[in-house]
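> Give me coordinates for this.
(chains A and B)
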2 protein chains.
Amino acid sequence: MALTEELAAHIGAANVLSGAAMAPYLPDWTGHYTTAPLAVARPCSTKEVVACVRAAAAAGIPVIPAGGRTGITGALMTTGGLLLSLERMNRIRALKPDARLAVVEAGCILSTLHDAAETQGLYFPLWFGARGSATIGGALSTNAGGSNVLRYGSTRGLCLGLEVVLADGRMLDLMGELHKDNSGYDLKHLFIGAEGTLGVITAAVMRLVAQPAAQATATLALRGLGDALGLLRRLQAATGGAVEAFEYMSPSYMRELARHRPDIRQPFDSIAPCTILVEVAAPTPEAAEAHGDGRRPLDRLLEEALAAMLADGTLIDAEIAGSVAQRRAMWQRRELAAEVMFARKPHIDTDVALPLDRVADFLTAIEPRLAALDPGAEPMAIAHLGDGNIHFTVYPGRDDPALADDVIEIVEELVVGMGGSFSAEHGIGLSKLPSMARRKNPAALDVMRAVKVALDPGNLMNPGKVIPA
Amino acid sequence: MALTEELAAHIGAANVLSGAAMAPYLPDWTGHYTTAPLAVARPCSTKEVVACVRAAAAAGIPVIPAGGRTGITGALMTTGGLLLSLERMNRIRALKPDARLAVVEAGCILSTLHDAAETQGLYFPLWFGARGSATIGGALSTNAGGSNVLRYGSTRGLCLGLEVVLADGRMLDLMGELHKDNSGYDLKHLFIGAEGTLGVITAAVMRLVAQPAAQATATLALRGLGDALGLLRRLQAATGGAVEAFEYMSPSYMRELARHRPDIRQPFDSIAPCTILVEVAAPTPEAAEAHGDGRRPLDRLLEEALAAMLADGTLIDAEIAGSVAQRRAMWQRRELAAEVMFARKPHIDTDVALPLDRVADFLTAIEPRLAALDPGAEPMAIAHLGDGNIHFTVYPGRDDPALADDVIEIVEELVVGMGGSFSAEHGIGLSKLPSMARRKNPAALDVMRAVKVALDPGNLMNPGKVIPA
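The predicted structure is shown next:
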């Protein structure tokens, strides 16, 4: 029996797509990749995932797990593998407000969980532009980051328990809801960030947090990026660590935003040397309560922290959101980054992490190196500055396909020399395999290979991704 | 050349101990175990650790890494292995206040790092009774918990980077200082909590946090344990999540404390049904500042949160620490737990984790089961209640060596049935191997075995621990 027929017997013919029916699953929204699976399977339960993985293993066909397909590293590419879409495993199995956790299936879309948590006065703190399409399983498989990592950590830190279907089709139940569990190796951390190369994540226990009583959101014009870290420290000290987001938008990004989306209002009369979007949560319920004058201690706290920097000229201008609509507009400027970046072609994009105090150094030092390589190149930076994570994009000045590799090489060299990483939050997939081969230390690569062989001896779980050959 | 001679050539004869010179390293402070190594090696650098591991591997001799030797699970037991003491690798390589991290060697004692962080206005939030002897490497190898996990997480969550010497003697450098790094599998999580079975941890990058501007510490007498979680939620809400510790002391513990240490003042005139030690940090610097009346908003906040419960009778009595000495006395009552527990023999000790809302159920449900097994048995509980972590001890009523296994079985059965874990924070070592064999799911054990074989094919890294045969 052909694999597709066997799959149909397990999960229903309507959920095994081939030929033209696969069309919606093939394009990659970056435009860089088109995958060519043998078939697409859409199981609706862990049991069905087990059946699919077993059938594929028996046929020697690779399995490529897919979530919301919002990744940008080509992690879903295959020629002849089985694309295993978790989209129908999208239930919230349980929401436990007292325990502050949710038990969710891998295909659950982030915004579904955001909405469900909100009904209980809670917040699921994984927040990025693609939250309306990205799934819990995809976020876990890539250890996704986003804008709230500064306060709440990456996806990994939000995960208490995990359910995985292994390469041999066995179900691995690690669905603990505990805050402490030292019973042997903590295996969930192996599968988080493994991009489906060690097994298929089918469900997870995710932490929820108290919804902040209120937020204060501001867009700031600074004299320079060098002053931003001091500002962050001041805000952290004033709020006892309640800064939820601290995002940097470079002048080149603000210009590109104005060009691509002239409908979006710019925050200041002229583009600042350094534009920061900051969001601070109320450290106590009292800080969120409006007083007689309509003002909240939270706003005063933000204003006071900014006042000294306005007085000494470090801060050129500041706009504090006075309404939900104003807050949304501030975030929209930041969250259009992916759209803006991909709209202009060709582009060379990177996703690097640096120690917090080296971000400004990196952006200064990269410029002459880039100019030496391509005098017409235009760099553009957006950063989750509180995490040291820069999305550094280059629009090349000349048409030369080899240029991308050269640009990535000089970026990586500088980043690694400053103690940084060539991959902060997007993962490796296919696109960063050359970087893994060049930059990751050989002992680490060997350990990864040993683990991969141990867990997937047939090399059938998303083969060819993450670990270079 | 004999192994000891070869080791002496690498690290100096004074640092290779055998025979009577090993005496200080052999006893286990629980009194349950005595290890019998071939020799004790005391390397002072990663390079020397590499030399020791290589020499041992060549001779086919197991390596048992040792830190402060404060563990209670027999993880250092060996007959004829090499006890590798990291005690001389005790440097703080770097303290980076701006980046809020410390680069430390494995043998660094926790309190050394506490003191160093304090000089910079920072806090290293790993805090438990043995902090004056336990080392960073030991804490990482066991993923130690303690009293501040509620706010700051376990050792795992505090670790940004790791340096490990692998079974083949290669050094694995994972010493990143980054808050985001998705460059392949996050290998550090394999070694954290592995109790030396996958390699020797030689150094780490550890997160530091801002020193709380102030703390309010109180000992509370509650009508019952069932009311404690509501109190915790109320305090978390009032402080925006700044509860640092929430510790439960059972009546039986308070009695045992009075018996063993009559010099320690009891908090209340009579022993309460539920005694809680709570510590709350100031959510903002303002909350820590004494006003004209000498009182701090932080104290008022705590008093207000308690007032309603005093009014409705949930809270019987409360003592708020008015000085550093009073705070210390409150903590001493809690931190004498290990001394109190081990002083009375025989005892059967467990270290279990439960979902937060099942702790009270467990303590109620275990009593008749225990009585059925041994009518004279006296249970005693101490809990990191905010983490659902109970140290449940039984003083047996009859002298029967088989009783310990039976008691552990009924505790485990109840715990696992409630979604808990038989090992919360102390680890597995030798003592909990039977529990691993009985209770851990077979797929998880198989994956652990596969990882162990992949990384330590010769089974020379602390063999026979963590994973049952």
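
> Below-threshold pLDDT in chain A: ranges please.
A:1 (pLDDT under 70).

> Looking at it, what residue ends up closest to chain B?
Relative to chain B, the nearest point of chain A is A:His189 (3.4 Å; Cβ to the nearest Cβ). Every C-beta, even on glycine, is put in place using the N, C-alpha and C of the backbone.

> Report how many residues lie close to the spatially closest residue to A:Ala329 that is not a sequence neighbour.
Closest residue in space to A:Ala329, ignoring its immediate chain neighbours: A:Arg265 at 6.9 Å, by Cβ to Cβ, 6 or more residues apart in numbering or on different chains. For A:Arg265, the count of nearby residues is 10 (other Cβ atoms under 10 Å in any protein chain shown).

> ok, A:Arg265 to A:Gln332 distance?
Distance, A:Arg265 to A:Gln332, using Cβ to Cβ, to the nearest Å: 10 Å.

> now A:Val416
A:Val416 is 34 Å from A:Gln332, where distance means Cβ to Cβ.

> In contact with the residue nearest to the residue of chain A closest to chain B when sequence neighbours are not counted: list those residues for me.
Spatial nearest neighbour of A:His189, chain neighbours left out: B:His189 (3.4 Å); criterion: Cβ to Cβ, 6+ apart. Counting by Cβ atoms under 8 Å, 6 or more residues apart in numbering or on different chains, B:His189 touches A:186, A:189-190, B:156.

> a helix runs through the residue of chain A closest to chain B, doesn't it?
Yes. Per DSSP: H, G, I helix; E, B strand; the rest coil, A:His189 lies within a helix segment.

> isn't A:Glu87 right next to A:Arg42, touching?
Yes. With contact defined as Cβ atoms under 8 Å, A:Glu87 counts as touching A:Arg42 (6.2 Å).

> Between these two, which is the more surrounded one?
More crowded of A:Glu87 and A:Arg42, by other Cβ under 10 Å: A:Arg42, with 23 against 20.

> Isn't the residue nearest to A:Ala329 up against A:Gln326?
No. When contacts are counted by Cβ under 8 Å, A:Arg265 is not listed as touching A:Gln326 (10.3 Å).

> Who are the contact partners of A:Gln326?
By Cβ under 8 Å, 6+ apart, the contact set of A:Gln326 is A:Thr217.

> before we move on, which element is it in?
Using DSSP states H and E, A:Gln326 sits in helix A:324-335.

> How about A:Ile410?
helix A:403-417.

> what's that helix in contact with?
Defining contact as Cβ under 8 Å, 6+ apart, one finds that helix A:403-417 is touched by A:346, A:348, A:350, A:352-354, A:362, A:365-366, A:369-370, A:373-374, A:377, A:392, A:394, A:396, A:421-422, A:434-435, A:438-439.

> redo that, cut-off 7 Å
The contact list for helix A:403-417 (Cβ atoms under 7 Å, 6 or more residues apart in numbering or on different chains) reads A:348, A:350, A:352, A:354, A:362, A:365-366, A:369-370, A:373-374, A:392, A:394, A:396, A:421-422, A:435, A:439.

> Identify the farthest-apart pair in the contacts of B:His189.
A:Leu190 and B:Arg156 (13.4 Å; Cβ to Cβ).

> Of the two, give the one with the bigger neighbour count.
More crowded of A:Leu190 and B:Arg156, by other Cβ under 10 Å: A:Leu190, with 22 against 19.

> where does the residue located most distally from the centre of chain A fall, helix, sheet strand or coil?
The C-alpha centroid of chain A is most remote from A:Gly292, which lies 41.2 Å away (Cα atoms, centre = their mean). What three-state DSSP gives for A:Gly292 is coil.

> quick one: contacts for it?
Applying Cβ under 7 Å, 6+ apart, no residues contact A:Gly292.

> Which stretches in the stretch 201-350 of chain A count as strands?
Using DSSP state E, counting those that start in this stretch, the strands of the stretch 201-350 of chain A run over A:209-210, A:215-222, A:243-249, A:274-281, A:315-320, A:348-349.

> Need the contact partners of the third one.
With contact meaning Cβ under 7 Å, 6+ apart, strand A:243-249 is reached by A:147-148, A:150-151, A:215, A:225, A:228, A:232, A:235-236, A:274-281, A:334, A:382-386.
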